[in-house]
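Peer 1: Here's my sequence, what's the structure:
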Amino acid sequence: MLLWAAWVVACGQGREDEAGVLAALAASVEADLPGHLGGAASGAPTGAAWVAIGREGTVEVRTFGTTGPGGRAVDGDTLFSMQSMTKVVTGIAVMTAVEDGALDLDAPISRWVPDLRPRSRFAGDPAEQITLRLLLSHRSGLTHEAPVGNNASADAPEFADHVESIAETWLRFPVGAQRGYSNLGVDLAGFALGRAVGSDYETVVRARVLGPLGMRRSAFATPALASETNRAVGAHQGGRPPPIAIPMKAAGGLYTSANEIALLLRMMLDRGGTAVHGRVLEEDHWREMHRIVAPVSVHQRTGYGLGVAIQHRDGDEAVSAGHGGGGYGFSSHMTWLPRVGLAYAVLLNGEASGAQRALDRHFVAAARKRADDPFPQAPVAAETCPKPALDASPWLGVYRGRTRHLGVQRDGDQLRIGGARPGAYCLIEPGLAVSVARGRADAFRFEHRPGDGRLRMVRLQTGVAFDYNDGPRDAPGPDDPDWRPHLGTYLHEWYGRPGHYHELRRIRGHLYWSDLRLSPGPRAGLFVAANGETLELDRSPPRWRGIALRHVAGPLPASERSELLAIARDLTQSLEARDFAPVLERSRPKLRILLNERLASDWDAIVSRHGAVAGEVGADVRTRAPLRVAKVMLALERSHLEVRFHFDAAGGLVGFQLDPDASPRSWWLAPGLGKAPLW
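Peer 2: Residues are numbered from 1 along each chain as shown. I've put the predicted structure just below:
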């Protein structure tokens, strides 16, 4: 979806020669991409492979860096993990079986997997409600991770065992009620494909997609892949490379190269056909893949089809589509423009969102050279807010998605909606907020969700829903004394090493998981977060959205919390002078900061994983310079503490964050300080 941020209405420019446009594009990439490579231990990629193609036959491939620390030079045949771009391949394979009549997009999934029934607190049997169309478009209600084989696990279970464990997960929302990105949905679709054809998922994909396209080096991430010598190694996690085997085979398990992903892009530009092997997919089914499933309004421009992310649509036609991927030390992105006839992909063995944004900008510029208006948009006039302003009080508060949150606040006659940089909106009718910025087509609809009546806000341009978390009108909670034994800090491990921490705490009588408010679930010890994810405290070990946890510390005493917040205020006040040394020295006994020293036990691994993470995490509002972030997790006697140091491009310290609760919301803010920015 990175392209969306770069799109503006194109102004009538003439067409240029395809070969010349792509050669110029490749030259821009050669000048830009190497600056985003770094060392694998820092999380930045050591190598990259980029390819762009045109419908007329032009292909440009560029490779950079090495396969890993001390590895061989990357070339056009080097295998990288595609991660979630695998979902596109799964979607194609499913559609070939639909063409053959082996699968039906709208039949219950129980037809092919009758023995799997996810848990649900909503009406009806999920196995009879969920269809392949809902699975491939992320509207099934399934969560993102399974207990057996997930993004945090170092194990390599069989694909069938991974899929079977979906029965232990809980639906996030009623089937079909909204979109919620889910690896499990695509994995279940891939498993059903194998069942329907009478084989296994991997064999079917090779026979129906990879083979016909000529993608013969492409391989699934199994332990056998370790013997491949021309393979990129994912950026290190916890001081070591991540596992090779990926249990989420249909959702993110495929490795490919620049030379071979070009063949997939060619097929997508040719609307299901390929010049070498004839048609892989009939054009009608290609179009079905590129149609947004259940758009929320005629104004929706981005969304999800069948295994394909729709990045921009004009009417019912996708003018830009593709997919991204990230995990296991890799990141990837691909986009194709069927109208314009251009496509590109990038494969990296590390996290490099800044590189992908830069590549998108170059690609958009190339598209404008080939078409007068590659991303058509209707002109938008600024809205006039009603006078007097409509009552917004029923909608105020914080709304949560799977990984993001948006706040809704009153600002005079207007509303401020957003995250770190909220935009100005006004209610033009009850429950409909429209942007007041000229030229910005953006609107939110507040409504009660079908199936369970939960309040949500839906962004009409993207179809993304955010569920109500908390707000100023909420009454105090019950403050149940049975919660007390469960309060404190929980550790969520990654690949068997310390990873993320979560705090279970009480706020105004309500139970919170970091900044997500919890409600009691259908059984004692089961709690449901505002975004529909579940916390299972009645299990041993406990689970958060299907992934095992460790209860590592009790709640932080109020006296210690007050001392920590006082230190945070002191640090905040020292920002203007850029003089942290005295504050850190005064704080050292209490914080137990062991700067420039290795920490003991688990904390060694935490510093190894989180220390000196380089990359673009935003822009300093003073200098607009890219930031470097060093994160150190520190042990206290009764809880954990996360400290983040923010550096400018020259290495100077420009920010400091102290977070005793490790709340995701506090990336730019210090908890307990009235949400005062640290910049």
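
Peer 1: contacting residues for the closest residue to Q356 other than its chain neighbours?
Peer 2: Spatial nearest neighbour of Q356, excluding adjacent residues (C-beta to C-beta, 6 or more residues apart in numbering): H333 at 5.0 Å. Placement of C-beta: from N, CA and C, glycine included. With contact taken as C-beta atoms under 8 Å, 6 or more residues apart in numbering, H333 is in contact with 2, 85, 322-325, 345-346, 356, 359-360.

Peer 1: R543 now?
Peer 2: Residues near R543 by C-beta under 8 Å, 6+ apart: 147, 534-536, 549.

Peer 1: please redo it, this time with the cut-off set to 7 Å
Peer 2: 147, 536, 549 (C-beta atoms under 7 Å, 6 or more residues apart in numbering).

Peer 1: Give me the distance from the biggest helix by length in the chain to the chain's centre.
Peer 2: The longest helix of the chain (DSSP state H) is helix 353-370. Offset of helix 353-370 from its chain centre (C-alpha atoms, centre = their mean, to the nearest Å): 20 Å.

Peer 1: hey, C-alpha coordinates of it in PDB?
Peer 2: Provided in PDB are the C-alpha atoms of helix 353-370 (Å, rounded to 0.1, in the frame of the first residue of the first chain):
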ATOM      1  CA  SER A 353      10.500   0.600   4.600                       C
ATOM      2  CA  GLY A 354      12.500   3.800   3.600                       C
ATOM      3  CA  ALA A 355      13.900   2.000   0.500                       C
ATOM      4  CA  GLN A 356      10.400   0.800  -0.500                       C
ATOM      5  CA  ARG A 357       9.000   4.300  -0.300                       C
ATOM      6  CA  ALA A 358      11.800   5.600  -2.400                       C
ATOM      7  CA  LEU A 359      11.300   2.900  -5.000                       C
ATOM      8  CA  ASP A 360       7.600   3.600  -5.200                       C
ATOM      9  CA  ARG A 361       8.300   7.300  -5.900                       C
ATOM     10  CA  HIS A 362      10.700   6.300  -8.700                       C
ATOM     11  CA  PHE A 363       8.100   3.900 -10.100                       C
ATOM     12  CA  VAL A 364       5.300   6.500 -10.000                       C
ATOM     13  CA  ALA A 365       7.400   8.900 -11.900                       C
ATOM     14  CA  ALA A 366       8.100   6.300 -14.500                       C
ATOM     15  CA  ALA A 367       4.400   5.500 -14.900                       C
ATOM     16  CA  ARG A 368       3.600   9.200 -15.500                       C
ATOM     17  CA  LYS A 369       6.000   9.100 -18.500                       C
ATOM     18  CA  ARG A 370       4.000   6.200 -20.000                       C
END
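
Peer 1: how would you label A226: helix, strand or coil?
Peer 2: Here A226 is helix, with the state taken from DSSP: H, G, I helix; E, B strand; the rest coil.

Peer 1: Now the residue nearest to it when sequence neighbours are not counted. Its backbone dihedrals?
Peer 2: Leaving aside its chain neighbours, A226 sits nearest to I244 (5.4 Å; criterion: C-beta to C-beta, 6+ apart). Backbone torsions for I244, taken as degrees, to the nearest 10, come to phi -80, psi -50.

Peer 1: Test my guess that I244 contacts A224.
Peer 2: No. Judged on C-beta atoms under 7 Å, I244 makes no contact with A224 at a distance of 9.0 Å.

Peer 1: And the two? Which one has more around it.
Peer 2: Taking I244 and A224 together and counting by other C-beta atoms under 10 Å, I244 has the greater number of neighbours (19 against 11).

Peer 1: got a list of what that one touches?
Peer 2: Applying C-beta under 7 Å, 6+ apart, the residues near I244 are 221, 223, 225-226.

Peer 1: for V98, same thing?
Peer 2: Each residue near V98 by C-beta under 7 Å, 6+ apart is listed here: 105, 285.

Peer 1: Next SSE downstream of the helix or strand where it lies?
Peer 2: Take DSSP states H and E as the rule and V98 turns out to sit in helix 86-100. Downstream of helix 86-100, the next assigned helix or strand under DSSP H and E is helix 126-129.
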